[in-house]
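Participant: need a structure here:
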Amino acid sequence: MFFIIKRKKVILFFILCILICLIVYFIFNLVNKKTLLVSAFEEENFQDKISNLMNGNEKIAYLTFDDGPTSKSTPKILEILSEENVKATFFVIGKHVKQNPELVKQAYNDGHYIANHGYSHNNNKLYSSGDSFINEIKSTDLEIGKAIGIDNYSSHIFRFPNGYMANAFKSQKQQYAKLLNDIDYAYIDWNCLNKDSEKKYTNSELLNNLKNSCKNKGTLVILMHDTSDVNETDLVLKDSIDYLKEEGYIFNNFYDF
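Facilitator: Numbers count the residues shown, from 1 in each chain. Model prediction:
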């Protein structure tokens, strides 16, 4: 009997050691990725490097979700991403982070990258002045930091509402984009989308939009939304991931950049 009890203690101790090692490995891996990202922003011409990402020939897919977090859509998307073991990037709006901090924390803890999409998504406010532009970015980072428990958080990556490539407020975007470098930021658009924010589509149409948009391309930065304002992207997300996997794509987020 004594031998059996002792053996059980040894087995439990062994299991405990394995669990501790796994936890330490996970924390080290996550911290290491974040450290590498910060180091990347110390490189010269980082904006050029991130802009050229979409010209890559490697079959890498960066899933990005704009305009959240929202209680209606984000939890469903996080669940699907977890089931599919896919890490994505969320370009969050500051005022929505303030409303749903627990969703940002969940996304962050799940290993997704939390990037910056401005505080208000109001172009008239965002581009009213250079100070307003920078304040929207910093206010959003502040809310993200509160949500995930990190002081002085900086996501380093910004997406202009409606995209830098859009004609609206083009001169302001060209002017204020130069300010991003002063705060160790770069911006990125996309080269693939399912058009889920443009008008109402069926799920099969959303998937076909994605297929047509990524045709004959290597590295993809894919625009989707976690809002359900126009379409419910979560309903077609698994099929979209399955298609990309079948086409030979692997999934990264900006920790892997």
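Participant: neighbouring contacts of the helix or strand hosting Leu210?
Facilitator: Using DSSP states H and E, Leu210 sits in helix 203-213. Defining contact as CB atoms under 8 Å, 6 or more residues apart in numbering, one finds that helix 203-213 is touched by 191-196, 201, 222, 231, 233, 235-236, 239-240, 243. Quick note: C-beta positions are derived from backbone N, CA and C, even for glycine.
Participant: can you pull the buried residues of it?
Facilitator: Asn203, Leu206, Leu207, Asn209, Leu210, Ser213 (16 or more other CB atoms under 10 Å).
Participant: Show me what the very next helix or strand once past that helix is packed up against.
Facilitator: Going down the chain from helix 203-213, the next helix or strand is strand 220-225, by DSSP H and E. Applying 3 or more CB pairs under 8 Å, 6 or more residues apart in numbering; DSSP states H and E, we find strand 220-225 packed against strand 60-66, strand 192-193.
Participant: quick one, which of the ones you listed is packed in tightest?
Facilitator: strand 60-66 (a mean of 25; mean count of other CB atoms under 10 Å).
Participant: what's the angle between it and strand 220-225?
Facilitator: 20 degrees (axes from the mean of the first three to the mean of the last three CA atoms, to 10 degrees).
Participant: now the helices: where do they sit in the stretch 101-250 of the chain?
Facilitator: Along the stretch 101-250 of the chain, the stretches classed as helices by DSSP state H, counting those that start in this stretch are 101-109, 123-126, 130-148, 170-180, 203-213, 234-246.
Participant: In JSON lines: the ones you listed, plus mean pLDDT and distance to Val92.
Facilitator: Formatted as JSON lines, the helices of the stretch 101-250 of the chain follow (pLDDT from 0 to 100; distance: least, CB to CB, whole Å):
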{"stretch": "helix 101-109", "mean pLDDT": "98", "distance to Val92": "6"}
{"stretch": "helix 123-126", "mean pLDDT": "96", "distance to Val92": "15"}
{"stretch": "helix 130-148", "mean pLDDT": "98", "distance to Val92": "7"}
{"stretch": "helix 170-180", "mean pLDDT": "96", "distance to Val92": "17"}
{"stretch": "helix 203-213", "mean pLDDT": "98", "distance to Val92": "22"}
{"stretch": "helix 234-246", "mean pLDDT": "98", "distance to Val92": "17"}
